[in-house]
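Visitor: 3D, please:
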Amino acid sequence: MHSEHTPSKKKNVAKKRFESNVLIVADTRVNYWAPDVSEAFERFGAACYIAALEPERLEERWFEYRHGYMNLAPDEPAIQRIRDQVNKAAPRLILFLDPFAMTSAFFKAIQRDLKKKATLAAWFSDCRRTSWKGIQCFDHVFYSDSSMQESLQKVRPGEDRKMKYLPLAVNERRFAPSGVDSRESKIIFAGSVTESRLKTLNRLRLRGVPVIWEGPKTTNWWTKLKSKNLDSNTLTRLYQEYAVVLDLPRRPKNLNGLNFRVFEVAACQNLMLTKWVPDLELQFDPYEELVVYRDWDEVPLVYRSLKYDPYRAEEIAMKARKRVLGHHTYSHRIQTMIEALGQKAC
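Guide: Residues are numbered from 1 along each chain as shown. Prediction:
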């Protein structure tokens, strides 16, 4: 059983040092948390670099459009760009965020000129991508959703020591209370508005829930093309302008695990209304630090109970922020990662 839920006493972080070079490889268009991971590594003494795994040439973009992922064959220009950054950084650790479609030939190609082989690690925030065979190439795999464990064990049998449950986290410097005087008495959903989410939001409105939403619309290709993602400043503002923030987990991206929104809202010290998932009780104390619903019929009732007890709502929000600062920052996660990698304190 995974164990992350610990007493409320604040954990000390940054005890260990990791004074080595680290290269983070990520598609920064979607892995917007790459700079947060980099910043956390630097707090432990590492020199951290980010290699953006993104298409640049027209033919690269066309391949990605047709197949849904980049062409990472050893002779592709993207490989040379990553290889140049690997050679420049000379990393002791290469950390991939949500990797996909990589083969052993890819890893050999990008490390071709290194005098000493780097440790390869992956951290998955998306449980849809853990079954691909290239995952066997990593020395260590970290996964944020406990449902990933079974699929990982199928492709890496007998390697439990090299796989570890590592939940998502928050950058407490970017997401923090800004001292709002009052909150509007509505529920806000801030995130990608998919077709299924839009149906749910409209259903809640019909039930009398004063819910609004902000974020890029992905209901069709035209709205998706025009929409822009919400930046952290906008999210921080939205998380604090309204009485309650609604979380709509996105399946199959999240099955058992918590998404970033849960940690971000808690760090902003506002009330989060989220769907119960198995991993939730590993990270928070339900009903004491978060408000939980198990099906949509409960949402109107839960909202009305919170509306009539604002002091209780504020108490829950304060406890959630305390939990996050004590256990769920990127510094906590990187400390866990360093310990799992077996790196000695420098």
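
Visitor: Point out where the stretch 51-200 of the chain drops to low pLDDT.
Guide: Across the stretch 51-200 of the chain, the ranges flagged by pLDDT under 70 are 128-133.

Visitor: Strands of that one, start to end?
Guide: 93-97, 119-124, 140-143, 163-165, 184-190 (DSSP state E, counting those that start in this stretch).

Visitor: So what's the gap between the shortest one and the chain middle?
Guide: When C-alpha coordinates are averaged (CA atoms, centre = their mean, to the nearest Å), strand 163-165 and its chain have centres 15 Å apart.

Visitor: CA atoms of stretch 135-149 as CSV?
Guide: Extracted in CSV, the C-alpha atoms of stretch 135-149 (Å, rounded to 0.1, in the frame of the first residue of the first chain):
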residue,chain,number,x,y,z
ILE,A,135,9.4,2.4,-20.3
GLN,A,136,11.8,-0.5,-19.8
CYS,A,137,14.7,1.8,-20.7
PHE,A,138,14.4,3.9,-17.6
ASP,A,139,16.5,3.2,-14.5
HIS,A,140,13.7,4.6,-12.3
VAL,A,141,10.1,5.3,-12.8
PHE,A,142,7.9,7.6,-10.7
TYR,A,143,4.2,7.6,-11.1
SER,A,144,1.6,10.0,-9.6
ASP,A,145,-1.5,7.8,-9.9
SER,A,146,-1.7,4.5,-8.0
SER,A,147,-3.6,2.9,-10.9
MET,A,148,-0.4,3.0,-12.9
GLN,A,149,1.2,0.4,-10.6
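
Visitor: And that stretch, what's buried?
Guide: 135, 137-138, 140-149 (16 or more other CB atoms under 10 Å). For glycine as for every other residue, the C-beta is placed from the backbone atoms N, C-alpha and C.

Visitor: Now render these as a markdown table, adding distance to residue 306.
Guide: Converted to a markdown table, the buried residues of stretch 135-149 look like this (distance: CB to CB, whole Å):
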| residue | distance to residue 306 |
| --- | --- |
| 135 | 42 |
| 137 | 47 |
| 138 | 43 |
| 140 | 41 |
| 141 | 39 |
| 142 | 35 |
| 143 | 33 |
| 144 | 28 |
| 145 | 28 |
| 146 | 28 |
| 147 | 29 |
| 148 | 33 |
| 149 | 34 |
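
Visitor: Of the residues you listed, which is the nearest to residue 314?
Guide: Closest approach between the buried residues of stretch 135-149 and residue 314, by CB to CB: residue 144, at 28.9 Å.

Visitor: For that closest one, give me its contacts.
Guide: Going by CB atoms under 8 Å, 6 or more residues apart in numbering, residue 144 touches 123-125, 127, 165-168, 257-258.

Visitor: Likewise for residue 306?
Guide: Contacts of residue 306 (CB under 8 Å, 6+ apart): 243-244, 271, 273, 291, 312-313.

Visitor: follow-up on the earlier one: show me which pair in the contacts of residue 144 is furthest apart.
Guide: That would be 123 and 258, which, of these, are the farthest apart (CB to CB) at 14.8 Å.

Visitor: Would you quantify the distance from the closest residue to residue 291 other than its chain neighbours to residue 86?
Guide: Nearest residue to residue 291, sequence neighbours excluded (CB to CB, 6 or more residues apart in numbering): residue 273, at 4.8 Å. Using CB to CB, to the nearest Å, residue 273 is found at 44 Å from residue 86.

Visitor: what does residue 24 give?
Guide: Taking CB to CB, one finds residue 24 at 12 Å from residue 86.

Visitor: Could you do residue 151 as well?
Guide: Taking CB to CB, one finds residue 151 at 28 Å from residue 86.

Visitor: which residues does residue 97 bridge with?
Guide: residue 123 (DSSP bridges).

Visitor: count of neighbours near the residue nearest to residue 291?
Guide: Counted by other CB atoms under 10 Å, the residues lying close to residue 273 total 22.

Visitor: Confirm it sits in a strand?
Guide: Yes - with DSSP: H, G, I helix; E, B strand; the rest coil as the criterion, residue 273 is assigned to a strand.

Visitor: So it sits against residue 298, correct?
Guide: No - in this structure, residue 273 is not within contact of residue 298 by CB atoms under 8 Å, at 9.6 Å.

Visitor: Please, which helix or strand holds the closest residue to residue 287 other than its chain neighbours?
Guide: Ranked by CB to CB, 6+ apart and with sequence neighbours excluded, the top spatial neighbour of residue 287 is residue 316, at 8.0 Å. Counting by DSSP states H and E, the element that carries residue 316 is helix 310-327.

Visitor: Quick check: buried residues in the helix or strand following that helix?
Guide: The helix or strand immediately downstream of helix 310-327 is helix 330-341, counting by DSSP H and E. Buried residues in helix 330-341, counting neighbours by 16+ other CB under 10 Å, are found at 330-338, 340-341.
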